[in-house]
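Enquirer: Dropping the sequence and predicted coords here.
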Amino acid sequence: LLRHMGIEKAFVLGHSMGGIVAQRLALDFPEAVRALALSDTSSECNQPARDLWLQVAALVDAEGMAPMAKTVESRFSPQFVAQHPEAVAQANLRLLSSDPRVYAQACRALAALYEKPLTPHLGHIRCPTLVMVGEEDTLTPLVAAVIMRRHIPGAVLRVFPGRGHALYHEAPAEYAAAIIAFLASYGGETA
């Protein structure tokens, strides 16, 4: 896509599943990544995680999106759930309106990325990297962010106190400010 659009290098932001894809992109096509931001994700790809994504795909194939509604609250901090039930309800509606076939395929694609652990290879990432995590993220906890920060040379870790997995939703202004400050810190474009 970048080549097709004539973009030599891009700033790449990956959240959760997208963070796995972003890490893989930075490893496989380092010349295409100007800077990398990883948000509430993990490099600890392993067989149990792969099996979990395959189970989720099978569940969605069999029962549709309804079972996924149980997972929505886990994306937010308990404080956010209590203070913003309407936002959690909207997130649930968005999830339930997803096409189950597409969701299941996304889970299978993610499982395929889990075939090879990423952590041992993170030392090959040479672009400026920001790792962000919500302090109360239970899906990809702080320890996962610390592992990435330790393995990616020069990576910067930004922890958002009291926030959960959906940083962009819980703290959009803080999230954007962290990314803009990161870009500005090495002379990247912020507009």
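Expert: Arrived safely.
Enquirer: Just after the longest helix along the chain, pick out the following helix or strand.
Expert: Secondary structure of the chain read by DSSP state H shows that its longest helix is helix 47-63. Beyond helix 47-63 in the direction of the C-terminus, DSSP states H and E gives the next helix or strand as helix 78-83.
Enquirer: same for the next helix or strand after that next one, what does it pack against?
Expert: Next helix or strand after helix 78-83 toward the C-terminus (DSSP H and E): helix 85-96. Using 3 or more CB pairs under 8 Å, 6 or more residues apart in numbering; DSSP states H and E as the contact criterion, the elements in contact with helix 85-96 are helix 78-83. In this view, the C-beta of every residue, glycine as well, is placed from N, C-alpha and C.
Enquirer: CA-only coordinates of the helix or strand encompassing Arg34 in PDB, if you can.
Expert: Assessed by DSSP H and E, Arg34 sits inside strand 33-39. Only the C-alpha atoms of strand 33-39 are listed here, as PDB (Å, rounded to 0.1, in the frame of the first residue of the first chain):
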ATOM      1  CA  VAL A  33       8.900   2.700   8.900                       C
ATOM      2  CA  ARG A  34      10.100   6.200   9.900                       C
ATOM      3  CA  ALA A  35       8.800   5.800  13.500                       C
ATOM      4  CA  LEU A  36       6.700   3.400  15.400                       C
ATOM      5  CA  ALA A  37       4.100   3.800  18.100                       C
ATOM      6  CA  LEU A  38       2.900   0.600  19.800                       C
ATOM      7  CA  SER A  39      -0.200   1.000  22.000                       C
END
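Enquirer: which residues touch it?
Expert: Outside strand 33-39, the residues within contact range by CB atoms under 8 Å, 6 or more residues apart in numbering are 9-16, 19, 22-23, 25-26, 125, 127-133, 145, 148, 167-168, 175, 179, 182-183, 186, 188.
Enquirer: Just the buried subset of the residues you listed, please.
Expert: Of all these considered here, the ones buried according to neighbour count by 16 or more other CB atoms under 10 Å are 10-16, 19, 22-23, 25-26, 125, 127-133, 145, 148, 167-168, 175, 179, 182-183.
Enquirer: re earlier: what strands line up against the strand holding Arg34, and which way round?
Expert: In the sheet, strand 33-39 lines up against strand 10-15 (parallel), strand 129-134 (parallel) (DSSP bridges).
Enquirer: okay if I get these as CSV plus mean pLDDT and distance to Glu44?
Expert: Putting the strands paired with strand 33-39 into CSV (pLDDT from 0 to 100; distance: least, CB to CB, whole Å) gives the following:
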stretch, mean pLDDT, distance to Glu44
strand 10-15, 96, 15
strand 129-134, 98, 13
